[in-house]
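Colleague: Give me the fold of what follows.
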Amino acid sequence: MSLFSRKSDRIPEAAEALAGRDHPSFEIPAEHDVLAGKPLVPPFPDGIDWLLVGMGCFWGAERVFWETPGVWTTSVGYAGGSTPNPTYREVCSGRTGHTEAVLVAYDPSVISTAQVLQKFWEGHDPTQGMRQGNDVGSQYRSAIYWTTPGQEIDVTHSEKIYQAELDNLKLGPITTEIASADKAGPVYYAENYHQQYLSDAKNPRGWCGIGPNGLTCPVGAQPAGRF
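Modeller: Predicted structure coming up:
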């Protein structure tokens with residue numbers, strides 16, 4: 001089996017990871033393809049919060065959030081791994097340690113962190129470990145990387161609430177990787193063609209298996225602000 005056809009069921013240690021490279025081989029687009037005039041990378045304006053989520057294939061996951069009122073901008077990349085500046089092909093080998101991630105920047109005066117997390121929990125199956133549906137490998141694992149102490153509180157609380165819902169339905173434990181974005185390591189932005197991949201400008205007939213899981217996460221009923 002070739003290096004790049006492997007499907008890993010574990011995250012490699014740093015010493016096992018691919019070497020990567022010192023610099024990315026491309027530039028990130030200046031503006032979002034859908035949310036006109038918005039940048040894809042920080043720094044963002046005062047009052048805009050952001051976090052990272054992994055929900056499986058990042059094409060569909062990104063579209064879930066750019067279509068959500070109150071989300072200011074989005075972008076996709078690779079997070080939670082060891083290889084510096086990995087390529088998509090390398091990430092898919094399972095030997096970089098990264099998961100496909102979406103950066104979600106949002107205006108908390110319009111949408112609360114709880115409501116962002118509702119989109120996350122309800123938009124995929126967070127109990128599947130190193131896979132999401134038919135997509136198998138460590139790059140498809142569920143993850144949340146928070147960037148503020150307030151988000152940490154919200155993420156931890158929402159996980160407990162959603163696990164209780166899953167327990168009631170006997171659907172198994174949540175396997176989502178939860179950590180601070182700093183602890184997860186640098187975010188490496190994905191190649192340009194992955195950014196807003198399912199937009200009308202790039203792939204108007206594109207498809208991705210990410211979608212509602214049919215369950216409800218009660219945290220979304222909470223008003224903006226702390227639980």
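Colleague: Tell me which residues are up against the top helix by length along the chain.
Modeller: In terms of residue count, the longest helix belonging to the chain (DSSP state H) is helix 149-168. Outside helix 149-168, the residues that touch it by C-beta atoms under 8 Å, 6 or more residues apart in numbering are 49, 51, 113-114, 117-118, 121, 126-127, 144, 146, 172-174, 176, 178, 180, 215-219, 226-227. C-beta coordinates here come from the backbone N, C-alpha and C atoms, glycine included.
Colleague: In PyMOL, select just the buried ones from those residues.
Modeller: Selecting only the buried entries of those in PyMOL, with 16 or more other C-beta atoms under 10 Å as the criterion:
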select buried, resi 49+51+113+114+117+118+121+126+144+146+174+176+217+219
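Colleague: Sitting in helices, which of the contacts of helix 149-168 do you find?
Modeller: Using DSSP H, the contacts of helix 149-168 in helices are 113-114, 117-118, 121.
Colleague: Pull the most distant pair out of the residues you listed.
Modeller: 113 and 121 (12.4 Å; C-beta to C-beta).
Colleague: Please identify the buried residues of stretch 13-29?
Modeller: Residues of stretch 13-29 classed as buried: 17-18, 20, 24 (neighbour count, 16+ other C-beta under 10 Å).
Colleague: can you redo those residues as JSON lines with distance to residue 185, secondary structure and pLDDT?
Modeller: Formatted as JSON lines, the buried residues of stretch 13-29 follow (distance: C-beta to C-beta, whole Å; DSSP: H, G, I helix; E, B strand; the rest coil; pLDDT from 0 to 100):
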{"residue": "17", "distance to residue 185": "11", "secondary structure": "coil", "pLDDT": "97"}
{"residue": "18", "distance to residue 185": "14", "secondary structure": "coil", "pLDDT": "97"}
{"residue": "20", "distance to residue 185": "12", "secondary structure": "coil", "pLDDT": "97"}
{"residue": "24", "distance to residue 185": "15", "secondary structure": "coil", "pLDDT": "92"}
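Colleague: Good, we can wrap up now.
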